[in-house]
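**Student:** predicted coordinates and the sequence they were generated for:
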Amino acid sequence: MGQTILEKIIQAHSADAVRPGSVVWMSLDVRSARDFGGPNVVKHYEREYGEARPDPEHTFFTFDLCAPACTLKYADNQQICRDFARKHGLTVFDVDRGIGSHVLIEEGLAGPNTTVVGTDSHMNILGAVGCFGQGMGDVDIAFAFRTGRTWFEVPPTIKVVFKGRPSSAATAKDLALFVLQKLGTRDLANAAVEFEGDAVRDLTLSGRITFCSLVTEMAGIIGFVPEHAPALKDEIKALTGRDFDPFRADKDASYERIIELDASGLPPLIAEPPSPSHVREVRELRGTRIDTAFIGSCTNGRLEDFAAAARLLKGRRIAPDVTLKIVPTTRRVTEELLRTGILQTLFDAGAIVVNAGCGGCADGHTGLTGRGEVQVSTANRNFPGKQGKGSTYLASPAVAAASALAGAVALPEDVR
Amino acid sequence: MSQTHFEGRAWVLLDKQGRLIEDIDTDQIFHNAHLHITETAQMGGYALGNLEGWKDFPSKAGPGDILVAGRNFGAGSSRQQAVDCFAALGVAAILAPSFGAIYFRNAVNSGFPVLKAPALEERVREGKILSGDILRVDGTKGEAAVPSRGVVFALEPLSRVQTDILRAGNLFLFGKSRPGS
């Protein structure tokens, strides 16, 4: 019997027979912890394993949640991780570096066919580069720090095939929201997913990251996009210095289900609070007054995302009673924003530009909403309380930028 | 009582319309404002602290109670606190039709019993499991019951590794008992 992409990656890291439903032990190429979860990892580790040294070639800390720390608690927690890392000679990608999953891609640590875990539920973003990334809790990660292994129940793989071409106004975010609208949190729950078809084939790395990140909200384990344009190989090589040669599924691989979705003419979409799967067309909510727009997060904080926003914001000013928050994913993205002049464009349009990191999610360093505040955000979750006490609508960077200009939910075509 | 057999008072997480609440995410279970807390004992007071209608749960729940939740319980973040807060209150187990994948792992790894009960939605809809009922759970056999109502329903059996970790107490103890694992 042939194997799917995930089955192949796990098999390359396990001596056990890998098939859907089996529980296997697998080795982990990268074991990481953030400023969220990290201090608990250290605590568990020292209690259980004392002075034993984690393998410095495979063990990392990434600080991204509250970067730099804006509360004493986070400052303390980050220092607990730093002290532990120094003692054992581990690398820390500190508060100046940005979101861990993205830093791991840029550093070439999370490459195709590798296994990567961290205390971040969006680690499955790494599916974008053919890596099996998985978010785990602090007990799991502490165990992985010591043993380099984890147990895993091999999920079934589902194939989702897109038919048709989305409209030119639709982005990777709209496509992901479309899947959430059609399949919610039920159809792909606890499954690996291979996405195919015209709608995903031409996605750039940035688009793939956006798309794969929302597999978490679909309750999926990880998503892969096996087909790609030739240019993607060069893009990934240029960014990471590594060849992009991901596993492909065997021809006789077994899929639990094959789902076809017709994405023909897909328009820009938006998720209403309180759930990422409450999806509507942007035009249905056009005119809903907003207080804030947020562009960033692990889902939509790369150069292309800000470039899309800048195309609309160039030479214009955001609405007078609206704030626009910009949080790049990594320092490298900030550097590119500076080099390309996009940062200047965003700033001149009235945006607040903040240090690279997570931004508004998980009580982070910027972007929280107050009670009654209405926000359009490019992040991935709008559960009650996730981005503060206000109401959060999830959309693409272009829709967020158009909305910031209008002071209300708007389509890119509304910008004149 | 063991890590696979329980009897306790049920708390059925219903919304105002009397339906099981689905997709309860970790921010509703243990809000991100409290993520800096690392002491398990301090976590109990925040359990379900952001779930509409259930914010008083910590003052109502007692040791041995069993939580009955809707589909995809524990969606969202990887925070261990969303499991540990129930352990801190002495909650014995959580039953749900399905769990967020990371949440389920976190529970297993810290030795906290989580059991999948596909028939739960239907039994709750029929009014056969109410808050306050005494639930009897046999995780090994894969069966739960509300003896006072004569209701019995199936649980998905735990896998070998999951059972072994629960029996060992947690992932660390399990790992130390099997150096080869």
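**Tutor:** Thanks, I have the structure now.
**Student:** I figured B:Asn93 hits B:Phe6, correct?
**Tutor:** Quick fix: residue B:93 is Ala, not Asn. Yes: here B:Ala93 reaches B:Phe6: they are 5.4 Å apart, a contact under CB atoms under 8 Å. In this view, the C-beta of every residue, glycine as well, is placed from N, C-alpha and C.
**Student:** higher neighbour count, the two?
**Tutor:** B:Ala93 (24 against 21; other CB atoms under 10 Å in any protein chain shown).
**Student:** is the more buried one bridged to anything, and to what?
**Tutor:** Beta-bridge pairing for B:Ala93 (DSSP bridges): B:Ile66.
**Student:** tell me who's in contact with it.
**Tutor:** B:6, B:8, B:66-67, B:112-115, B:137, B:139 (CB atoms under 8 Å, 6 or more residues apart in numbering or on different chains).
**Student:** of those, closest to A:Gly223?
**Tutor:** A:Gly223 lies nearest to B:Val114 out of the contacts of B:Ala93, by CB to CB, at 24.6 Å.
**Student:** need the pLDDT of the nearest residue to the closest one once chain neighbours are set aside.
**Tutor:** Leaving aside its sequence neighbours, B:Val114 sits nearest to B:Ala107 (CB to CB, 6 or more residues apart in numbering or on different chains; 4.2 Å). We have a pLDDT of 96 for B:Ala107.
**Student:** on that earlier part again, which residues do B:Ala93 and B:Phe6 both contact?
**Tutor:** Common neighbours of B:Ala93 and B:Phe6, counting by CB under 8 Å, 6+ apart, are B:66, B:113, B:137, B:139.
**Student:** want to throw these into a markdown table with neighbour count and secondary structure?
**Tutor:** Formatted as a markdown table, those follow (neighbours: other CB atoms under 10 Å in any protein chain shown; DSSP: H, G, I helix; E, B strand; the rest coil):
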| residue | neighbour count | secondary structure |
| --- | --- | --- |
| B:Ile66 | 24 | strand |
| B:Pro113 | 22 | coil |
| B:Val137 | 23 | strand |
| B:Gly139 | 23 | coil |
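**Student:** so which of the residues you listed is the closest to chain A?
**Tutor:** B:Pro113 (14.9 Å; CB to the nearest CB).
**Student:** and whatever residue of the stretch 101-250 of chain A ends up closest to chain B, its phi and psi?
**Tutor:** Going by CB to the nearest CB, chain B is nearest to A:Gly137 of the stretch 101-250 of chain A, at 3.7 Å. Dihedral pair for A:Gly137: phi -80, psi 180, per degrees, to the nearest 10.
**Student:** list the buried ones in the lowest-mean-pLDDT helix or strand in chain B?
**Tutor:** Lowest on mean pLDDT, DSSP states H and E among the helices and strands of chain B sits helix B:160-168, with a mean of 89. Neighbour counts over helix B:160-168 (16 or more other CB atoms under 10 Å in any protein chain shown) mark B:161-166, B:168 as buried.
**Student:** and chain A, which of those residues contact it?
**Tutor:** B:161-162, B:165 (CB under 8 Å from any CB of the partner chain).
**Student:** now, which of the residues you listed sits nearest A:Leu188?
**Tutor:** Nearest member of those to A:Leu188, counting by CB to CB, is B:Gln162, at 22.3 Å.
**Student:** what phi and what psi does the backbone show at the closest residue to that closest one other than its chain neighbours?
**Tutor:** Sequence neighbours aside, B:Val108 is the residue nearest to B:Gln162 in space, at 5.0 Å (criterion: CB to CB, 6+ apart). The phi/psi pair for B:Val108 (degrees, to the nearest 10) reads phi -60, psi -50.
**Student:** tally of neighbours for B:Val108?
**Tutor:** 28.
**Student:** wait, it sits on B:Ile165?
**Tutor:** Yes: under the criterion of CB under 8 Å, B:Val108 makes contact with B:Ile165 at 5.5 Å.
**Student:** shared neighbours of the two, anything?
**Tutor:** In contact with both B:Val108 and B:Ile165: B:Leu171, using CB under 8 Å, 6+ apart.
**Student:** quick one: the helices in chain B?
**Tutor:** Along chain B, counting by DSSP state H, helices occupy B:26-29, B:57-60, B:81-89, B:101-109, B:120-125, B:160-168, B:171-177.
**Student:** ok, now chain A?
**Tutor:** Going by DSSP H, chain A shows helices at A:5-11, A:38-49, A:72-88, A:100-106, A:138-147, A:172-183, A:198-201, A:205-213, A:230-240, A:282-285, A:303-313, A:331-340, A:342-348, A:397-406.
**Student:** in chain A, which helix or strand is least confident?
**Tutor:** helix A:230-240 (a mean of 91).
**Student:** tell me which residues are up against the lengthiest strand in chain B.
**Tutor:** In chain B, assigned by DSSP state E, the strand with the most residues is strand B:5-12. With CB under 8 Å, 6+ apart as the test, strand B:5-12 has contacts from B:1, B:20, B:57, B:60-62, B:64-68, B:92-93, B:113, B:124, B:129-140, B:146.
**Student:** any buried residues in that strand, and which?
**Tutor:** In terms of neighbour count (16+ other CB under 10 Å), strand B:5-12 has its buried residues at B:6, B:8-12.
**Student:** now pLDDT and distance to A:Thr91 too, for those, in TSV please.
**Tutor:** What follows is the buried residues of strand B:5-12, written out as TSV (pLDDT from 0 to 100; distance: CB to CB, whole Å):
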residue	pLDDT	distance to A:Thr91
B:Phe6	89	44
B:Gly8	96	46
B:Arg9	97	49
B:Ala10	97	48
B:Trp11	97	44
B:Val12	97	47
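**Student:** and those residues, which is closest to A:Thr323?
**Tutor:** Distance ranking of the buried residues of strand B:5-12 against A:Thr323, using CB to CB, places B:Trp11 first at 41.1 Å.
**Student:** please identify the buried residues of stretch A:300-316?
**Tutor:** Those would be A:300-310, A:312-313, for stretch A:300-316 by 16+ other CB under 10 Å.
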